[in-house]
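**Student:** sharing a sequence plus its predicted fold:
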Amino acid sequence: MRKPFARLGRLAGLVPFTLALGLSLAAPLAHATVLTFDDLGSDGLVPTNYGGLDWSASSWFQYAGEQAPFTPHSGDRRATLGWDGSADTSAIGFTTASVFTGAWFAGYQGVTLSIDLYLGGQRVGATATLDLSDSPSFLSSHYTGLVDRLVLRSNDPANFVMDDLSFTSAVPEPGTGALTLAGLGAVVLLMRRRRAD
């Protein structure tokens, strides 16, 4: 004769496995990206869809080579605004709403920089103001929500460089992960029930 709670004990042991499997499947859905500009072959405008972002409303130019105080953070390449640089020409769009982590900046002393963060045309946050030097400094967004557009604001837009822009593309809606997890749990339970019968 079977013990009535023996099956329940075996099924309860599957819960941690099912949770671990569901989380491991959901983890790759978030995608962290760091744009170094080092994969661009020659000096010129940042390509319109570089790194999956929309640079079409901007005058961003990328280049290599030494030029103090415009020090890259990593590699040899970095991006800068053209001489027509302004808040209007600095916009960088996200084709998929993402969490913007921050970027590295260098430039002349006395140049300041901040970034306004937008989602759906509404300003949702802003960074602190960074005082630049020839040593690259990280400007963190300190904002964990989604954004779809960045606007850089500076008192001298043509005299700074940006490198290693970091962001994480959005994960699917939480309901998607929950449904996947529930489905996996149901499959495991059905398989165990058939095996026990």
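**Tutor:** Great, that's in hand.

**Student:** just the helices in this protein please.
**Tutor:** Along the chain, counting by DSSP state H, helices occupy 6-12, 14-26, 174-196.

**Student:** please work out the average pLDDT along the last one.
**Tutor:** Going back to what we said before, that points to helix 174-196. Model confidence over helix 174-196 averages 55 on the pLDDT scale.

**Student:** now the second one
**Tutor:** pLDDT averaged over helix 14-26 equals 49, rounded to a whole number.

**Student:** now swap in stretch 45-63 and tell me
**Tutor:** In the prediction, stretch 45-63 has an average pLDDT of 94.

**Student:** okay, buried residues for it please.
**Tutor:** By 16 or more other C-beta atoms under 10 Å, the buried positions in stretch 45-63 come out as 46, 50, 51, 53, 54, 55, 58, 59, 60, 61, 62, 63. Where you see a C-beta, it was placed from the backbone N, CA and C, and this is true even at glycine.

**Student:** can you give me the end-to-end span of that stretch?
**Tutor:** Using C-alpha to C-alpha, to the nearest Å, one end of stretch 45-63 lies 9 Å from the other.

**Student:** residues near the closest residue to residue 38 other than its chain neighbours, how many?
**Tutor:** Beyond its immediate neighbours in the sequence, the residue positioned closest to residue 38 (C-beta to C-beta, 6 or more residues apart in numbering) is residue 75, lying 3.7 Å away. Residue neighbour count, defined by other C-beta atoms under 10 Å, stands at 13 for residue 75.

**Student:** how much space between residue 75 and residue 148?
**Tutor:** Counting by C-beta to C-beta, to the nearest Å, the gap between residue 75 and residue 148 amounts to 27 Å.

**Student:** thinking again about what came up before, reformat the buried residues of stretch 45-63 as TSV; add distance to residue 133.
**Tutor:** Converted to TSV, those look like this (distance: C-beta to C-beta, whole Å):
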residue	distance to residue 133
46	24
50	27
51	26
53	27
54	30
55	26
58	24
59	24
60	21
61	21
62	21
63	20
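
**Student:** for those, work out which two are farthest apart.
**Tutor:** Greatest spacing in the buried residues of stretch 45-63, by C-beta to C-beta: 54 and 63 (20.8 Å).
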